[in-house]
Every structure is written in C-alpha cells, then in structure tokens.
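Colleague: Whatever this is, show me its structure:
(chains A and B)
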Amino acid sequence: MSDQSSGLSKAQEIYSNRSRRARELKAEGRKLIGYPCVYVPVEMLTALDLIPYRACGDIREPVTEADRALPGSFCAVMRSCLDCALKGKNDFLDGMVAIHSSDPQEKTARVWESYTDHPYFHFIDMPVTVRPEAVEYFTSQLDDFRKTLEAFAGRELSADRLKQAIDYHNRQRGLVRQLYDLTKTSPPAISGTEILQVVKAVMGLPVAEGNDLLTEVIGEARDRTDRPEKKPARLLLWGSTLDDADVMQVFEAKANVVLDDSCGGVRAYRADVKLTGNPLVDLARYYLNEITCARTFRQASPGETSKEYTKDLQSRFGYLDDIIREWNINGAIMLLVRYCDPFAFEMPALKDYFESLGLPSTYIEYDYTTGALAPLRTRVEAFLETIA
Amino acid sequence: MYFAGIDVGSTMTKAVLTNEGGELLSAVKGPTGPEHRRLANEVMRGALEQAGLQIDDISYIVATGYGRVNVPFADRQVTELSCHARGVFSLFPGVKTAIDIGGQDVKCMKINGGRLIGFVMNDKCAAGTGRFLEATAATLGIRLEDMGDIASKATKRVQISNLCTIFAQQEVVALLSRGEPLENIVAGLHIALASRVAALAQRLVIEPDLALTGGVAMNTGMVRAMRESLGRDVLVPEEPLLTGALGAAIIANEAYREAAEDGTLPTGTRRLEEATFFAEEDL
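Modeller: I've put the predicted structure just below:
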C-alpha cells in the first residue's frame, strides 16, 4: 500500500480529493455533468462524451448555506450535497441531472436549479413501481432527457453510441462485482473501506479511466500479501447512503464489511443492462427493475402482497439471501442516514426477513456529520457484542 | 484476586471493585469532565483507597461508557450496553428488559441470562435523556435532585407538548408566566420524558422483569412516571448509577478467566499515574 503508483493508493488519492481530477479533466476541455443518485442513467452522458460526476455531500462540512433553502429535518445527505454545491465545491460542473428517487431529492434539485448557474440542468421523473406502465412512462422521461442533453451537447445521441456506452458501463459493473468477489475469502483480500474509496473515486471519473483503475486495483488486491486483518464478524451493510471512509472504518474497527448494499457500494453494480433492442427501453427497464433501493416498491405480484407476506419479503429482499450465503455473512446492519423515510419504512420488513433467515441484524440511524461517529461506534460495537 | 469496572459516562464516571466471588468491595462516583482520562484515574484511585487496595492488586480492568477508549489502564473496552445488561442481571436475575436513562443516551436492552441480545437507543436527539431534566431544572431554578419530590406535590400535571429540550425550556417559561404552579410543571416534565422513553422501549418487545437504571432512575418522580407510562412495574437498583461499572467488573472477572485459559493474560505493570500527565498537544 505504500507504493504510490499502485492502483489502491491512486484510488485513495482520488477519493480524498475527487474534485482535483475533475478540475484537471475540465482543464483538458472535457465537460462534466453532476448527478446525486445512482438512478441517473450515466450511460446517456457517457454516450455524448460528457463525464458523469457523482455529486456527494461531505460529513466534515457543517451545513450552513443549505439551511437557507431546506428545513433541518430533511434528508441529511441531500442537505449536505446542496450545501457543498452552494459553497461552490462543484463549480467545475457544466450541469446537473437529478431524478425523482425520493421527494427530498426532487426538492433539493429544484433549489439547486435556482441557486446555481450551471449551463445545463435536467430533472427526470421516475415512477416508484416496476409495472410495465412504469417502464413505458420512465422510457418517455428518458427520451425527454435525451432531447435536452442533445441540445446541450450539440449532437445527436445515436442508438449505436448509446449501446457502446452501455457496454462500457456494463464492464464497469462487472469489475465492481469482481472487486466484491475479493471479499469472499477470509480474511478478505480488500477491505470494505478500500472498496468504498475505489467506488467513490470511480464515480467521478470517465468510464474508461474508471475501468482501468478498477482493473489495476483488482490485480493488485488479488496478489497482495498485506491483506486486511481478519475480524470476528463478516458484516453485510444495507442502507441508504454510505459514502465516507471514516464512517466505514467505524464498522471495520471490529468487523470485516464484506458487502455494502448501499448507494456508495454495490447497489449500482449488481446487475448489467441487458440489451434487447431499443437501448432507451433497456435502460428504463434496468434502472427500474435491477437497482434495489427502498424508493422502488416491489410487489410479489400485483394485488397479492397483503395476503402473502413471506412471498412479498422474498420478492423484495430475496437477492440478499444469495449474498448472505455467498459471502458467508454472520451479521447485518441496516444503516440509515437520518430522516431517510423510504429506508426507514423498509426496515421492519427487512428485519423480519433477516430473522426468517436466522441472521442477526440491527438498525442504526446516523447523522451525516463527523459528530455521529462516536454514537455510531457504541451501537456497532454493542451489536457485535451481541453476536460474538 | 480483584477486578475493576470503570464506566466513563457523559456526565458521571463510576468505578467498582469486586473480589473473585463477585462481592462488591468499593464503588466511587465522580463527575466526568472534559479530561476523561484524568478523572477516570481519580475515580479509580478513590475506589482503590476505599477498598484498601493498590492498582497492582487488580487482575483485570474493563472500561465502558462513552469515554471507554480514554481509560489507559484498562485491559479491555466493552460497550455500556453489554455492561449494563450484565450488571442489572447480577442484581435482578429475572431481568429480561432494562432501560438505562443517562445524561445523553437512553438505552433499552433485551437481556437473556445476563447477555445483551438486542437494543434500541435514542437516535434523533437528546430529548429522551437526563439532559432534558437537567436543562429544564436549570430554567426553573431548582436542583435536579429535588425534582422528584417537587413533582410528588403536584395537584395536576401540565401537558408539556415539546419533546425538544430547547423548546420545552421555552414552554416551561411560558407556563411559569401563565402562573402555573411549579410542582404541576415539574410533574408534567416527568411524564413527557417518561412517555418518550416508553415509546422508544416499545420498539422492543418488553418482557418482565423490567429494570430501570442510570442516573435518572435516582429520581423517584421519574420512576413513578415510568411505571405509569409503561403500565407495568419497574425494578430499580439501590445504586442505579453503578450498574454499568458493576457489569464491567463482572465481565472483567470472566475475561480474566478466559485469558488465563488461553494464556493471553495482560502483562506488564499498570500505571495509574500515567494518565495524570497530559502533553500539551493532547489537550
């Protein structure tokens, strides 16, 4: 890890100063478009040579500016994200694309649009079910997005270029999955903290550059002799947003986080976009069906949910069963950023599901600030003591 | 052989010494200041003096509480949740649920045979904690320790609608200016806090026996209010502040035995004095 030219140290460097690389790219004449959520189809940006840049909050930055526009009892991630934007931390962005993944994100996006002066802004509406009508509606929304994007880029988004971009991003998804394959061993070949840093770095790079970085990290981690220390527990993290290495280290002080099912972890990479014909429809289908975030409602089959709770649970959380077995997980933490209602509503059902699998779990809510770290540590350690 | 538990809480630091048989030899409480380590040190020295022991006589020390990482002479750190569970169980062997209301945390714990098996804590803010009473007592100009007695004289209970500590202070000021008798306001504050804690505890399945610990349990008014809000009996230890440190001492005893079996006993001499010196950059 001390080797400065290694993929991991490169990723850590980009992670700790993401905007530096973004500004370099900007200086080279590239255009960067921000997006605050993994539901934005980044392929459409890549296809037009625009660099998708995941705009994040910062737990170290006390929220001040965003308080002018948003209430305190509001999604802590969005508040922080907007605060950073209003303080000019993302001033290298040429535009912003937000999506209705949750109500707070929509409100934040509208404030963002009014209070910043990026040349481009687009908001995508998104249904909250996975029914065929929803795919149809979402496709039309993506088509609207295509039109404003083409106008901004001054060129057409051809189906071929889009397919090519999908291919690049699918490759990225495969590489992130390979990264997580490295945690299946005990001890893991790569720590949860390192993965978080790599993934967050990649979310600010052009896709090809991100893929090169991932390839380098995977090769290096596979052969490394200085593996992370083996800890008594192998944890699954499930939750809304976890995008800070210091928060992850609170978990990893006394456990190995072998899978992070949050939107800073594997969520955006678990499946590939399947090309079947019209790439816009394929994208709509992928983002609605394949990203498993609490904001989307999944019925076992329409009209049946209230009758068969276990079937409903299986339909919503069945993918976690495979993960738990494949990664040999012995504890799960449901981690919520404060005031994240969609995940809070999902939690009781997921708790039941974990219980049905015999997996110990706990629910922890944390504030998106560094002040949250000490209370978080007590809760995590207490949970680990219950499963020791 | 002797064992020690030290609980560095947000408001108070507590130290307990026991012998091999788990018998309590001494217990000392002192305020926690900004310098955890120095005060932990003094409280521990007090406990040793009371028991007529030296630091080298102690075979194993467990530190707990939110300042547990700041105790340099401890052999092991264990969270206050596990320590409370163990401590309460040693006092009430039938305990299945415990609620500890401290200075900045409320912990509701499920206990099975002395082991912590589940818990919930206050996540949003300090509204359901001892800080709520501390802050409102200050606004009312009364001593925290007198609150329970004052509440017992109430003729009716005033509704306190704000659970936010700061807004509750404002509400108290408004009630005072309306001429509401002090004892009725204080009784209302107790019920407000108790119902908040009860709502949190009910996120767990509460099973009897139920015990109430922590500094707030020393307030008889709160014990009454908790019984009422939960609609069930509540056991309260004689020294509700000490259960964390007591549990830590019991865990120290067990940890020592395990370490002796594994051959991983702590080596070297313990230096209680070490912590009294702070380098400038440490402060």
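
Colleague: Got the domain ranges for chain B?
Modeller: B:2-83+B:242-282, B:93-230 (automatic domain parsing).

Colleague: What mean pLDDT does the last one get?
Modeller: Throughout domain B:93-230, pLDDT has a mean value of 91.

Colleague: Contacts (any at all) between chain A and that domain?
Modeller: Yes: Domain B:93-230 lies within reach of chain A by CB under 8 Å from any CB of the partner chain, at B:Asp105, B:Arg115, B:Leu116, B:Ile117, B:Gly118, B:Phe119, B:Val120, B:Met121, B:Asp123, B:Lys124. C-beta here means a position set from N, CA and C on the backbone, and glycine is covered the same way.

Colleague: would CSV of the domains of chain B with mean neighbour count be doable?
Modeller: Shown next, in CSV, are the domains of chain B (neighbours: other CB atoms under 10 Å in any protein chain shown):
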stretch, mean neighbour count
domain B:2-83+B:242-282, 20
domain B:93-230, 19
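
Colleague: how about the strands in the chain?
Modeller: No chain specified, so I'll use chain A. Under the criterion DSSP state E, chain A contains strands at A:31-35, A:50-54, A:95-99, A:120-124, A:234-239, A:256-261, A:331-337, A:361-366.

Colleague: oops, chain B please
Modeller: Assigned by DSSP E, the strands in chain B fall at B:2-8, B:12-19, B:24-31, B:58-64, B:76-77, B:97-101, B:106-112, B:115-121, B:210-213.

Colleague: now the second one against strand B:58-64, angle please.
Modeller: Spelled out, that is strand B:12-19. Strand B:12-19 runs at 150 degrees relative to strand B:58-64, counting by axes from the mean of the first three to the mean of the last three CA atoms, to 10 degrees.

Colleague: Indicate each strand paired with strand B:12-19 and its parallel or antiparallel sense.
Modeller: Partners of strand B:12-19 in the sheet, by DSSP bridges, are strand B:2-8 (antiparallel), strand B:24-31 (antiparallel).

Colleague: Name all residues that make contact with the residue nearest the centre of chain A.
Modeller: For chain A, A:Cys263 is the residue whose C-alpha lies nearest the centre (CA atoms, centre = their mean; 2.3 Å). Listed by CB atoms under 8 Å, 6 or more residues apart in numbering or on different chains, the contact set of A:Cys263 reads A:Cys37, A:Val38, A:Ser240, A:Thr241, A:Asp243, A:Cys293.

Colleague: where's the fourth one relative to A:Pro41, distance?
Modeller: Put plainly, it is A:Thr241. Distance of A:Thr241 to A:Pro41, given as CB to CB, to the nearest Å: 19 Å.

Colleague: Okay, now the unreliable bits of the stretch 251-388 of chain A?
Modeller: By pLDDT under 70, the low-scoring segments of the stretch 251-388 of chain A are A:300-307.

Colleague: How about the residues of it by chain B?
Modeller: A:338, A:362-366, A:374-375, A:378-379, A:381-383, A:385-386.

Colleague: In PyMOL, select just the buried ones from these.
Modeller: Filtering those down to the buried ones (16 or more other CB atoms under 10 Å in any protein chain shown) takes a single PyMOL command:
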select buried, chain A and resi 338+362+363+364+365+366+375+378+379+381+382+383+385+386
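
Colleague: Which residues of the stretch 101-250 of chain A lie near chain B?
Modeller: Residues of the stretch 101-250 of chain A lying near chain B (CB under 8 Å from any CB): none found.

Colleague: Okay, helices next: where are they in the stretch 101-250 of chain A?
Modeller: Along the stretch 101-250 of chain A, the stretches classed as helices by DSSP state H, counting those that start in this stretch are A:103-115, A:132-153, A:159-181, A:192-202, A:207-223, A:245-252.

Colleague: just these: most buried one?
Modeller: Most buried of those by mean neighbour count (mean count of other CB atoms under 10 Å in any protein chain shown) is helix A:192-202; its value is a mean of 25.

Colleague: CA atoms only for that one, dumped as PDB, please.
Modeller: This file holds the C-alpha atoms of helix A:192-202, laid out as PDB (Å, rounded to 0.1, in the frame of the first residue of the first chain):
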ATOM      1  CA  GLY A 192     -14.800  -2.500   2.900                       C
ATOM      2  CA  THR A 193     -13.200   0.800   3.400                       C
ATOM      3  CA  GLU A 194     -10.900   0.400   0.500                       C
ATOM      4  CA  ILE A 195     -13.800  -0.700  -1.800                       C
ATOM      5  CA  LEU A 196     -15.700   2.400  -0.700                       C
ATOM      6  CA  GLN A 197     -12.800   4.600  -1.600                       C
ATOM      7  CA  VAL A 198     -12.300   2.900  -5.000                       C
ATOM      8  CA  VAL A 199     -16.000   3.000  -5.900                       C
ATOM      9  CA  LYS A 200     -16.400   6.700  -4.900                       C
ATOM     10  CA  ALA A 201     -13.300   7.500  -6.900                       C
ATOM     11  CA  VAL A 202     -14.700   5.700  -9.900                       C
END
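
Colleague: now for it, which elements pack on it?
Modeller: helix A:7-16, helix A:159-181, helix A:207-223, helix A:245-252, strand A:256-261 (3 or more CB pairs under 8 Å, 6 or more residues apart in numbering or on different chains; DSSP states H and E).

Colleague: Need the contact partners of that helix.
Modeller: A:8, A:11-12, A:14-16, A:18, A:54, A:56, A:172, A:176, A:179-180, A:183, A:210, A:213-214, A:217, A:221, A:228, A:235, A:237, A:242-245, A:248-249, A:251-252, A:256-258, A:260, A:264-265, A:269.
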